[in-house]
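*Asks:* My questions are about this predicted structure, shown below with the sequence.
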Amino acid sequence: MYADLGEEDLEVLRDVTLSLLDSEKGVDPEVAKRTVDVILKREAIDEEIAEELGVDPREVRKVLYKLHERGVATFKKERREEYRYPVYSWRLNLREVLRMCLEERRRELEEVERALSNDMSHPVFHCGNDDCPRMSFEEAMEHEFRCPKCGELLEEVDLTEERRELERLAEELKVEIRRLEELRERLG
């Protein structure tokens with residue numbers, strides 16, 4: 001179906017498509033992975049997919065319906081001589097998959113960059129107890145540098161490691177966004 005895409009591209013597209021199903025209940029992850037692998041490579045009928053995978057057609061349909069609800073799988077109704085009833089031929093809309101993923105990654109990058117510019121540029125104070133909240137300098141001053149929850153002394157938190165982790169995450173997201181944009185361009 002997408003002959004000009006390499007195995008690495010197909011793997012990226014599969015992972016991106018499967019990420020759309022992460023929060024879906026009642027979908028078998030293994031059936032989802034194998035179903036997506038099939039419709040990434042070709043248009044296929046749900047029953048043919050199920051037969052190829054050796055699973056119940058209803059399990060395949062669950063995956064296809066969830067992808068359709070997300071707007072990334074389409075079908076067409078057709079008649080085939082080997083079936084006595086109309087069948088549905090399914091395919092993935094990879095441009096929509098990429099659009100949705102790019103939108104999500106850009107939103108994530110924006111949040112990380114906001115955290116880096118706002119939260120990480122001001123001192124933060126904490127008492128050391130996991131159940132207690134962190135506080136800005138102003139909040140710590142209001143409470144006379146005592147935790148309002150447990151009463152312990154508040155100390156400035158070293159944010160160096162958190163900042164490094166956020167910077168690493170931002171860089172990873174930028175690389176992924178570039179990769180997805182290049183893939184989208186190749187799809188046309």
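*Replies:* Yep, that arrived.
*Asks:* would you say residue 27 is within a helix?
*Replies:* No: according to DSSP: H, G, I helix; E, B strand; the rest coil, the state of residue 27 is coil, so it is not within a helix.
*Asks:* how about the CA coordinates for stretch 145-162, as PDB?
*Replies:* Listed next in PDB are the C-alpha coordinates belonging to stretch 145-162 (Å, rounded to 0.1, in the frame of the first residue of the first chain):
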ATOM      1  CA  PHE A 145       9.700  28.700  55.500                       C
ATOM      2  CA  ARG A 146       7.700  26.100  57.400                       C
ATOM      3  CA  CYS A 147       5.700  23.400  55.600                       C
ATOM      4  CA  PRO A 148       2.000  24.200  56.100                       C
ATOM      5  CA  LYS A 149       1.200  20.500  56.100                       C
ATOM      6  CA  CYS A 150       3.800  18.900  58.400                       C
ATOM      7  CA  GLY A 151       5.600  21.900  60.000                       C
ATOM      8  CA  GLU A 152       9.100  20.900  58.800                       C
ATOM      9  CA  LEU A 153      11.600  23.500  57.700                       C
ATOM     10  CA  LEU A 154      11.400  24.300  53.900                       C
ATOM     11  CA  GLU A 155      14.600  24.100  51.900                       C
ATOM     12  CA  GLU A 156      15.400  25.200  48.400                       C
ATOM     13  CA  VAL A 157      15.200  22.200  45.900                       C
ATOM     14  CA  ASP A 158      18.100  21.700  43.500                       C
ATOM     15  CA  LEU A 159      16.300  21.600  40.200                       C
ATOM     16  CA  THR A 160      19.500  20.800  38.100                       C
ATOM     17  CA  GLU A 161      18.600  17.200  37.500                       C
ATOM     18  CA  GLU A 162      14.900  17.900  36.700                       C
END
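*Asks:* Please point out which parts of it sit buried.
*Replies:* 145, 147, 154, 159 (16 or more other Cβ atoms under 10 Å). Heads up, the C-betas are built off the backbone N, CA and C, glycines and all.
*Asks:* Residue 124 is in contact with the last one, correct?
*Replies:* Yes: contact status for residue 159 versus residue 124: in contact at 6.3 Å, counting by Cβ atoms under 8 Å.
*Asks:* Find me the pLDDT at the residue of the chain most remote from its centre, would you?
*Replies:* Distance from the C-alpha centroid of the chain peaks at residue 144, with 42.6 Å (Cα atoms, centre = their mean). Residue 144 carries a pLDDT score of 95 in this model.
*Asks:* Residue 137 versus that one, what's the distance?
*Replies:* Here residue 144 is placed at a distance of 13 Å from residue 137 (Cβ to Cβ, to the nearest Å).
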